[in-house]
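Asks: Attaching a predicted model along with its sequence, questions to come.
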Amino acid sequence: MNSFLIITILVVISAVFSYVNARFLKLPGVIGIITIAVLVSVIAVFTGKVFPVIFQSITGLNKNIDFSQTLLNVMLGFLLFAGSLRFDWTELKKQIRPVFILSTISVIVSTLVFGLLFDWLTSLVKVDIPFIYCLLFGALISPTDPVAVSAVLKNSKIPKHLETIITGESLFNDGIGLILFVSILEYISQSGGEVHPRHIAILFAQEVFGGIFLGGFLAFITFRLMRKVDDFQTLVMSSLALVMGISVLATKLHLSIPLAVVAAGLLIGNLRFGKDPSGKMNAFLEKFWTLIDELLNTILFVMIGLQIVMMPFLTYYWFVCIIGILIVLIARLLSVLAPIIFLGRALQVNFNNVGILTWAGVRGGISIALALSIPASKYSHIIIAGCYFIVIFSVVLQGLTLNKVTAYFVKKEPFYIPKS
């Protein structure tokens with residue numbers, strides 16, 4: 001298949017699924033899309049011998065799409081730029097401390113807790129997977145997904161300050177998660193060889209600080225050029241060029257694409273153009289990127305759902321996958337709870353917020369893309385299958401019940417640890 005045919009098929013399928021959801025299921029946005037895609041994939045798997053054409057068509061489409069590369073190097077830049085463009089920097093500054101803690105320390109805590117528990121529980125059910133692979137699984141599944149978070153929070157009733165914390169965390173936690181993932185994967189590739197802390201520090205500085213600098217620098221130059229014109233078409237083309245340029249340069253320089261485009265989006269979205277004091281150009285630009293966000297989100301979740309026909313968990317790994325769901329929730333709970341216990345009121349969140357922050361920490365396509373990038377081994381299939389199970393549970397079930405969980409905890413009186 002050529003690229004145009006693949007894109008055409010994906011757009012047609014996305015349009016059909018979107019119509020079915022809007023006309024009949026009436027589920028919130030991407031939750032309905034991924035639900036339909038999953039159902040179609042499962043039906044195709046179990047009826048493959050009866051209706052081989054459907055199964056072979058979906059399988060053929062998946063084989064022609066490199067999901068990992070398509071998401072990480074192409075779609076992710078547009079999706080994150082669209083999300084950060086609409087993010088209020090003023091609100092982020094008010095919640096910068098909990099956002100920083102949750103996007104760094106909590107990711108590390110979650111990775112360790114997930115790795116330890118997954119290693120213990122899989123050994124109990126006689127599933128052979130080394131501890132280092134359990135940690136690798138923890139590193140790719142611990143960061144919350146900014147695309148999935150944005151989609152789920154769109155129709156939620158979460159208090160504003162918690163929404164800012166959850167969204168901000170999801171935008172920035174990919175940096176530390178990616179460093180952990182790459183470091184552990186490199187350790188595995190060296191067959192037990194030592195990965196020096198200095199190497200990890202250099203990698204962190206290159207990926208994180210290099211990415212933020214690249215995104216901020218290119219966004220500043222683009223903004224200086226954009227503010228001298230008042231033509232909407234030029235502004236849109238400039239913003240597209242910015243995102244595509246960042247994605248290409250960050251890939252070539254081995255910098256973090258997520259952090260680079262987030263930095264660029266925050267800068268462009270929170271500045272006013274010189275010839276547009278009323279803010280109309282910002283509003284038009286935001287509407288354009290909102291449309292891009294909606295379209296790519298739909299296509300992304302269709303891709304995730306249809307990929308299931310390639311997964312072995314329906315017959316082999318379903319029990320381990322259920323264990324993975326339980327463990328990721330426990331790891332998320334402990335990684336949120338620990339900072340609140342030690343920092344308390346300084347984080348401006350209380351113990352009743354823990355349930356909301358835990359349940360709203362959804363995973364998405366980035367975790368799947370990282371799982372698919374793991375070199376083939378007898379353990380990689382378990383990780384990929386578990387990752388798919390967790391992501392589908394996270395987006396569909398957590399997304400559908402988030403408002404009920406929020407309503408339950410919001411009614412409770414705020415509870416902090418009293419000062420000694």
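Replies: Looks like it came in fine. Numbers count the residues shown, from 1 in each chain.
Asks: Can you report how many residues neighbour Thr90?
Replies: Thr90 has 8 neighbouring residues, counting by other CB atoms under 10 Å. For every residue, glycine as well, the C-beta is placed using N, CA and C.
Asks: pLDDT wise, what is it at?
Replies: Here, the pLDDT recorded for Thr90 equals 87.
Asks: Now do Val354 against Ile366, distance only.
Replies: Distance of Val354 to Ile366, given as CB to CB, to the nearest Å: 24 Å.
Asks: So which of those two has more stuff around it?
Replies: Using other CB under 10 Å as the criterion, Val354 and Ile366 rank with Ile366 on top: 27 against 19.
Asks: so which strand or helix has the more buried one?
Replies: helix 365-372 (DSSP states H and E).
Asks: what helices or strands is that helix leaning on?
Replies: helix 67-70, helix 131-141, helix 146-153, helix 174-189, helix 280-306, helix 380-392 (3 or more CB pairs under 8 Å, 6 or more residues apart in numbering; DSSP states H and E).
Asks: Looking at these, which is nearest to Ala264?
Replies: Each of these has some distance to Ala264 by CB to CB; the shortest is helix 280-306, at 11.8 Å.
Asks: Run the chain-centre distance for the helix holding Ile366.
Replies: The chain centroid and the centroid of helix 365-372 are separated by 9 Å under CA atoms, centre = their mean, to the nearest Å.
Asks: how about the nearest residue to Phe172 once chain neighbours are set aside, what does it touch?
Replies: Excluding its sequence neighbours, the residue lying closest to Phe172 (CB to CB, 6 or more residues apart in numbering) is Ser103, at 4.1 Å. Going by CB atoms under 8 Å, 6 or more residues apart in numbering, Ser103 touches 168-169, 171-173, 175-176.
Asks: Dump the residues you listed to JSON lines, plus distance to Gln206.
Replies: As requested, these are exported to JSON lines (distance: CB to CB, whole Å):
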{"residue": "Gly168", "distance to Gln206": "23"}
{"residue": "Glu169", "distance to Gln206": "22"}
{"residue": "Leu171", "distance to Gln206": "20"}
{"residue": "Phe172", "distance to Gln206": "17"}
{"residue": "Asn173", "distance to Gln206": "18"}
{"residue": "Gly175", "distance to Gln206": "11"}
{"residue": "Ile176", "distance to Gln206": "14"}
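Asks: now, which of those sits nearest Met226?
Replies: Leu171 (22.2 Å).
Asks: follow-up on the earlier one: state the mean pLDDT of the helix holding Ile366.
Replies: Rounded mean pLDDT across helix 365-372 is 93.
Asks: who's in contact with that helix?
Replies: 67-68, 71-72, 76, 140-141, 143, 145-148, 174, 178, 181, 258, 300-301, 303-304, 307, 380, 383-384, 387-388, 390-391.
Asks: Just the buried ones from those residues, in PyMOL syntax?
Replies: Of those, the buried ones go into a single PyMOL selection, burial set by 16 or more other CB atoms under 10 Å:
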select buried, resi 67+68+71+72+76+140+141+143+145+146+147+148+174+178+181+258+300+301+303+304+307+380+383+384+387+388+390+391
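Asks: This completes my enquiry, with thanks.
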